[in-house]
Structure formats: C-alpha cells, structure tokens
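structure for this input, please:
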Amino acid sequence: MKTLSLLITALGLTEGVLGVELDYCERQGGLECRGENECPGYLEMKQPLRHLRSRSDERKALLQKLRNLVCNRNEQKVCCARETEEPCHYEGEEVKGETCNRDCTKDPTETKTCRFTFVLQQLFSNQTGRLADGMIRPVLVYNGQLVGPTIAVCEGDRVVVRLVNILHLHGSAAQDGGFNSTTLHFHGIREKQPYGTSGWSRHGGPWSDGVPLVTQCPTPSGHTQTYCFSGINGAPAGTYWYHSHMGRQRMNGAAGKLIIMERKKDHTRVDVDLPENSLFLQEWYPNTNNTIQQSLLINGKGKRGKHCHKPSDDSDEFISNFKMGKQVSFTKYLCPPPNISTTYEVFNVKEPGQKYRFRIIGGIGDDVPIRVSIENHKFSVIATDARDVIKSADNFDALWVSAGERYDIVINTKKSFKKQAYKINVYHQHKNKTGPEIRLCTLAWLKYPRQTVPMNYTANCKAMAKEDLTRVLNPVPNKFSDWGNPNYIYPVNLTAVHQAHNIQEVLNTQYITIPIDNSSTGFMFNNFTMPFAEDYPHIPFLFQSPSKNTKRCGVRCVWDSTGSPRGTNCSLHVPEKCKPSGPSKYPNEKCHCQHVIQQPWYDDSSDRQYWFEIILINNHTTIAHPIHHHGGWFHIVGMGQFNHSIYRDTIIEMDTNCTKKKECLPRNYKSPVFKDVIQVPTKGYVIFRAPIDNRGTWIVHCHINYHVEHGMTMIFQIGEPDGVDGWSMGPDEKTARKNKNKKCPKVQPQKFG
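A predicted model of the protein is given here:
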C-alpha cells in the first residue's frame, strides 16, 4: 500500500499546501489515496497538485511520483488515514518528542509518551547544523542534522521513533557500496521483552533492536519503521546513543544522542545535569568512500587541521592492513582550505563553583580511540555505559573512549577563573610506519561567565600530544607497560553502585578467541566468521521458527535437569566443511557460518538470577577490540594482559589446570562494573558474565565498523522462539505471524553509474 507521507516529507510540503491534516495522518501511519466511496471520514485535498511549482530536477521527479500516487492522477481524489493501528501504542499523555526534554525532578511521577519522527536522507554538509569540519561532502542525516536530533526524556517515559527512509544514494555514497535500506538501533537499551508476553509485544522487545537480518528486515527507501522502548524494556536513567546499523551509515552522520534523565537529584554527586552538556565524539572522513580519517568532531562540529595524510598506495591490501592494525605508511600533505568557515562547540558554566555533569559519547566508527582532557580542570567518573559507579574514582586528568562507549564525568567548576574560556581537548593518534605518528585533534570550549572565546583559534595537536596527564581513566589497553600503573584506571577497577545478584554462580563458560593480527584470514571469533550480508540468513535470526538451520555453527546450551544446583549441558556444532584436524574442537582456519551461542532463558521476575560467562581472548598486538553486546549489560569480573602471545588453549589451561581446580584466572564478584562495550586488552583477556533474562537473538560484535562488516560478530540466542515463553517477533499478533519465517529481500549495496 503506497503512502503519500514520504513524498510530502521529501518535498517539504505543509498542511497549507495540500490542505490535509498531515499531523493526524502521520499518527495513523501514513496517507493513502482511495475513492470517496471507499473511505469513510475522508480528508479532502483542497488544492490541485498542478499548482505546485518545481524548483529543481529532483523536486520535479518527486512531484511526479506524488502525482502518480494520487489514484490515476485524478487530482481531486481523497486522502485517507490508514486504518491499521500504529505500533508502540501506549496509554497516557502523548506529546511530540522534543517537548520531553524537561526538568524531570519537578514531578517524579509524571510520565509521557514521547513521539519522534526521524527522516533519513542524503544531503550535503553545506548548511548550518551539518557543517562538520568545513569541507562540503555528502552526509547521511536524520532531519537534516549532524549529529541527529537529541532524544532527551525522563526515566520512565515511553519513547516512540518513527523512522522515515528517503535515502537515494548517489555520487560517492553509492560508489562506496552504500545501502538505500536502513535500520535504527538504540545503543545500550536492552529492549527487554515485557513480562507476560510471548510471540508479540507492542511495548518494545527484541523486534525493536534494529539489527538487519538479526531482528528485522532492513527498511527500504520509501518505507517507514517504528521503534520504541520504555523503562520496562531495560532503560534506566543514563547516557545512550542511537545509530543506523547498516554499512557505514553511522560513520557518515546517521547517529545521535539518547539521554534518559534522572527523576531525583543527588547533590552529593551532581549539582547541574543538563542534556546539552554532552559530547558526541566521532572521527570524520573526506568523503563517504574514504576510509582514512582526517578530522575529529564534537557534536558534529570541528575544523580541518593544517596537514592531512594519505595512504602510500591506494590498494585494497593497504586498507585491509590498516584496518587490521598493521603498521602502514602515510604521506603528509597540506590540507585543502575549507569550503566553509566552522566553529567549535561551546559549553557554558552559568553557575561557577557547582558540580557539572558531562556525558562523553563514543560515537566512533572505526579503530579511533579518542582522549578527552580539560584545561586546568580535573574530574571524577560517576557512570559508564548508562550504569552508575561509585564516585571514589576521582581526580582524573584524562579519559579515553572507544567506539560505542560512554562515560559520565563530573567537573568541580571553579569559583575564580581566567579571562579566556578553557579548552576541552580531544585527541587521537595512530602509528605511521615510515614517519612520525599521525595526530588528529579538535576542541570545545568550557566558558564561564564573562569569559571570551577566541573564534579564530585552531586546535593544537602537537601541544595535546605533550600534555602532562598523570591519572587516566579507561586508557586503551594496548601497552603492557601501562597495565600495572596504579594511576591508570581500567573498567575492571571501577565499582558499581549496585551489586549484581548471584553473580558468583555461573551456568557455563565459553572461551572466545580473536585471531592474531598477522593473520590473513580476516575477522573472526573462534575462527567462525560472519561477514555482512554474505553470511547472514535471509530469514532474520529472530524470525526463525524453529531456530536452527544447516548454516549454523557454535554452542547450544540447555538446562541440565539432573544437576544440583541447576546447570546446563552445552554442545558444540562445527559445519562438516570446517571440521578441524588434530585435537582442536574448533576450525583450524576461517569458517564461514552463522555463529550462535545459545543459552536457556530464565524469568528473573523471581528472586533468582542466572548468568553465563564469556572469556574473550585477544592475541592482537595493536587493536584492543571494543566488543558490544546488544540486549544486555554484562559485568566485568576479570581482565588481564601479558607481555607475550596468548592463545585460547593457553587461557583455558591457566583457568582450569591449577591448584584451585576452578576459576583460576582472578575474578571479582563484589559490585563488578556493568558495561555494554568493553575493550579487550591486546595479548590479554576479559571475563564478563551476562544474564539469561532477555529472550531473543542479540548480536555481539566488535564495534569497529570495518571489523563487524567483515565478520567479527556472533549471536547470543536466549531461549526459543515458540511456546508460552517464546520471544516477540513483532509489535502485534498480526505482524508477528507475518514475520515468522519471513524471508527478507536480498540485501546488497546500491550501485549507480
């Protein structure tokens, strides 16, 4: 059923032009054209379409499509609201999402349904609100903004986002192998299925996680998709973000902030807490088809530096080596002057002497960890990945964030200050095989009353590289000499405010290795690889019933009814084509298959909580892979690093063959920190424990975009799709039935001449 609303949005038309109740029709899921007798309660189109004027060739084409949709071009037909109910229907007050950014402490019991509409399209970085670093290039943006509109709501609010996809990639965006289809993922939101539901759940759940070919079919150009969540889905107050999960779309602008504000103020921790005091950090590229970052942005703002760098050769091998962490050579040259003058972000301190909360969001695309420091200021940390930590960790000089991570920090602002605003320095460096390190940097201003901001100032990367930074939070764990430094605080050293229930008991342990960086076999977990979309199923994992097919590989764990205490039996499946030679149970070489680790589901509405354990083993020498788990936080109970190469068998031996006979690698169970992204140390490991309380299929992947696209991904399947405990495949019963075993259209990049 074709809709007019998409074209109306694309054309920027208003109610006054067409004489239709667009707001009403949008709420009903779009407009369609029927004859008068077919549509009771219709809305007449007051103005003939022939009076609309075309201002460009693109607009002419859109207008022609609009005319073609109006019932055989009869310009006096009628516009009807669709009769199907919109997904994510909630009881209670419903408002435009932008109005939900309010003081959440005034009425702790007031909740709203906050409805947003995000229109994704390709534009250019030539307008205020999406200027980036001043170089005009294509961008993929929501509602014309870089970064996308901020979702700022109160804890307990219900969030509904209607995604309108009008992408039509052209130019370099298409040459890059871009996708016209898209999805939307709320990064860090668990999307936990509400209790008492099975098969479908209107109020969020795994169907709303936004991962192509895992929890949905991608949304094609010219279509819409509605996503939602609320507190019942696992969305406490904290710092999150949202982004497209298709290809490189998020690296080219399709991302934004998602902030859930607390209902109560704790003045022992924070005095001033405003959503606008947040830094969305990302690297930026000369074009959509360029894979060498040239600048850094804060909230979509920045300036190109004086010097740029290009590869010593343009081969695919160079890019592959660079993305795999191998040292490669770059050539320095003078950057072209910007097309448009740009400015840095400014954060205002209106109440000097107060404790200000700042939210640092790693909206990073590839292996570009970024360091943040603040001129003449120290800070403490109060949260990471939307979960609170004890504020004993303080007096930091700097913080590092990798792709997907978030840290909430508190600055004790000054009562007396200098005349010029203070610099918030943002810095990245990577090695150059035949020359000095490549440095990228930018800044924002921390401005007190009456301070001046030097508008012509340009960030100084050389000065940032020489900063004297003693106490550092979340340093990139790729240097063994730093591992034992007491001033370097890693996530495993942080303490959660809340104690995880029953965390010391575990159902099973899975040892997952990341291949060494000099391997030519690509990006894998335990030598299983699943590149997008080559090895993904045509029927999304969530829609499969029963949940198995011949291309699956990995581990399946089921309840052991004989054990006490309760436990699981796990079995490994390796495809026949990948059967190993020798004693190893896993493939000796790269195996293309659909990698699933399946665990049983347990309803945690009782007092009991069950956990399974993952030990990630990273033998890379340069890349500390940031691993992200959809659908749930995990608890970091252990981390370690060595000054020599390690392998899966090495870690298993260390963890099982020792005097204690069990859990020989050190673990901490006293309030271990919650995370949904963790950097795995080079030549090291991370031990995390994840709950089995969230039914569904959840992707787990390296958040370096190149790595997930090339196969470093697996699926955590919790439970089974069918029965009274089955997971939800859609927002209503009809959609869920339609989605069961639904085959998606073939996903492939769009190519244009």
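
what's the neighbour count on the closest residue to residue 664 other than its chain neighbours?
Nearest non-adjacent residue to residue 664, counting by Cβ to Cβ, 6 or more residues apart in numbering: residue 658, 3.7 Å away. Placement of C-beta: from N, CA and C, glycine included. Residue neighbour count, defined by other Cβ atoms under 10 Å, stands at 12 for residue 658.

how many neighbours does residue 352 have?
Neighbours of residue 352 using other Cβ under 10 Å come to 13.

give me the buried stretch members for the lengthiest strand in the chain, please.
Secondary structure of the chain per DSSP state E: the longest strand is strand 113-124. Using 16 or more other Cβ atoms under 10 Å as the test for burial, strand 113-124 gives 113, 114, 115, 116, 117, 118, 119, 120, 121, 122.

stretch 344-359 too?
Buried, per 16+ other Cβ under 10 Å, within stretch 344-359: 344, 345, 347, 349, 355, 356, 357, 358, 359.

can you redo these as a markdown table with pLDDT and secondary structure?
Formatted as a markdown table, the buried residues of stretch 344-359 follow (pLDDT from 0 to 100; DSSP: H, G, I helix; E, B strand; the rest coil):
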| residue | pLDDT | secondary structure |
| --- | --- | --- |
| 344 | 96 | coil |
| 345 | 97 | coil |
| 347 | 98 | strand |
| 349 | 97 | coil |
| 355 | 96 | strand |
| 356 | 97 | strand |
| 357 | 97 | strand |
| 358 | 98 | strand |
| 359 | 98 | strand |
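
give the contact list for the most centrally placed residue in the chain.
Relative to the mean C-alpha position of the chain, the nearest C-alpha, by Cα atoms, centre = their mean, is the one of residue 187, at 4.1 Å. Residue 187 makes contact with 240, 241, 242, 243, 258, 404, 628, 676 under the criterion Cβ atoms under 8 Å, 6 or more residues apart in numbering.

hmm, 10 Å instead?
210, 240-243, 245, 250, 255, 258, 361-363, 385-386, 404, 406, 628, 630, 676-677, 703 (Cβ atoms under 10 Å, 6 or more residues apart in numbering).

cool, and residue 352?
For residue 352, counting by Cβ under 10 Å, 6+ apart, the contacting residues are 413, 414, 415, 416, 417, 448, 449.

gap between it and residue 279?
Distance, residue 352 to residue 279, by Cβ to Cβ, to the nearest Å: 20 Å.

what of residue 684?
Taken as Cβ to Cβ, the span from residue 684 to residue 279 is 28 Å.

could you do residue 515 as well?
34 Å.

I figured residue 711 hits residue 592, correct?
Yes - the pair residue 711 / residue 592 is scored as a contact, 8.0 Å apart, by Cβ atoms under 10 Å.

ok, the buried residues of stretch 344-359 vs residue 727, which is closest?
Each of the buried residues of stretch 344-359 was scored against residue 727 by Cβ to Cβ, and residue 359 proved nearest at 31.5 Å.

excluding sequence neighbours, find me the nearest residue to that closest one.
Nearest one to residue 359, counting by Cβ to Cβ, 6+ apart, is residue 278 at 3.8 Å.

quick check, pLDDT for the one you found.
The model reports residue 278 with a pLDDT of 98.

now do the phi/psi pair for it.
phi -140, psi 140 (degrees, to the nearest 10).

that one against residue 362, yeah?
No - in this structure, residue 278 is not within contact of residue 362 by Cβ under 10 Å, at 11.8 Å.

mind listing what residue 197 touches?
203, 205, 695, 726, 727, 728.

make it 7 Å
residue 728 (Cβ atoms under 7 Å, 6 or more residues apart in numbering).

more neighbours, residue 278 and residue 362?
residue 362 (27 against 23).

look up the closest residue to that one, ignoring the ones flanking it.
Closest residue in space to residue 362, ignoring its immediate chain neighbours: residue 401 at 3.7 Å, by Cβ to Cβ, 6+ apart.

wait, that neighbour sits on residue 363?
No - with contact defined as Cβ atoms under 7 Å, residue 401 and residue 363 do not form a contacting pair (9.3 Å).

joint contacts of those two?
residue 281.

neighbours of residue 367, just the number please.
There are 27 residues near residue 367, going by other Cβ under 10 Å.

for it, which non-adjacent residue is spatially closest?
In this structure, residue 367 finds its nearest non-sequential neighbour in residue 704, 4.9 Å apart by Cβ to Cβ, 6+ apart.

next one: residue 105
Take residue 105 and drop its neighbours on the chain: the residue closest to it by Cβ to Cβ, 6+ apart is residue 265, 5.4 Å away.

and the one you found, backbone torsions?
According to degrees, to the nearest 10, residue 265 has phi -90, psi 140.

what's the burial count for it?
14.

contacts for stretch 715-725?
By Cβ under 7 Å, 6+ apart, stretch 715-725 touches 198, 214, 541, 544-545, 547, 595-601, 692, 694-700, 726-727.

at 8 Å what do you get?
198, 214, 541-542, 544-547, 554, 594-601, 603, 629, 631, 690, 692-700, 726-727, 729, 740.

among these, the buried ones, what's the PyMOL command?
In PyMOL, this line selects whichever of the contacts of stretch 715-725 come out buried by 16+ other Cβ under 10 Å:
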select buried, resi 198+214+541+542+544+547+554+594+595+596+597+598+599+600+601+629+631+690+692+693+694+695+696+697+698+699+700+726+727+729+740
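
next step: the contacts of stretch 715-725 restricted to strands.
Mapping these onto strands (DSSP E) picks out 554, 594-599, 629, 690, 696-700.

thought residue 427 was touching residue 464, still the case?
Yes - counting by Cβ atoms under 8 Å, residue 464 does reach residue 427; the two are 4.4 Å apart.

overlap in contacts, those two.
The contact lists of residue 464 and residue 427 share 373, 439, 441, where a contact means Cβ under 8 Å, 6+ apart.

just give me the least confident of those residues.
Note: of the shared contacts of residue 464 and residue 427, the lowest pLDDT belongs to residue 439, at 93.

name the element that one belongs to?
For residue 439, the host element (DSSP states H and E) is strand 438-447.

just how off-centre is the helix or strand just after that strand within its chain?
Following strand 438-447 in sequence order, the next helix or strand is helix 461-465 (DSSP H and E). Offset of helix 461-465 from its chain centre (Cα atoms, centre = their mean, to the nearest Å): 29 Å.

got the buried residues for helix 461-465?
Applying 16+ other Cβ under 10 Å to helix 461-465 flags 461, 464 as buried.

could you list the low-pLDDT ranges of this structure?
Scanning the chain for pLDDT under 70 picks out the ranges 1-86, 169-178, 392-393, 516-522, 563-565, 605-607, 660-663, 749-753.

switch the cut-off to 50
Under the criterion pLDDT under 50, the flagged ranges of the chain are 1-3, 10-55, 67, 69-84, 172-177, 517, 520, 751-753.

now the helices for it?
Counting by DSSP state H, the chain has helices at residues 5-11, 15-18, 22-27, 57-69, 172-175, 316-323, 461-465, 480-483, 648-656, 705-709, 733-739.

list the buried residues of the last one.
So that's helix 733-739. 735, 736, 739.

closest one of those residues to residue 643?
residue 739 (50.3 Å).

what residues are up against the residue nearest to that closest one when sequence neighbours are not counted?
Residue nearest to residue 739 in three dimensions, not counting chain neighbours: residue 729, with 4.4 Å by Cβ to Cβ, 6+ apart. For residue 729, the contacting residues are 199, 200, 207, 542, 543, 721, 735, 736, 739, 740, by Cβ under 8 Å, 6+ apart.

which among the residues you listed gets closest to residue 133?
Nearest member of those to residue 133, counting by Cβ to Cβ, is residue 207, at 37.5 Å.

OK, contacts around that closest one?
So residue 207 contacts 200, 201, 215, 216, 542, 728, 729, 730, 731, 736, 739 (Cβ under 8 Å, 6+ apart).
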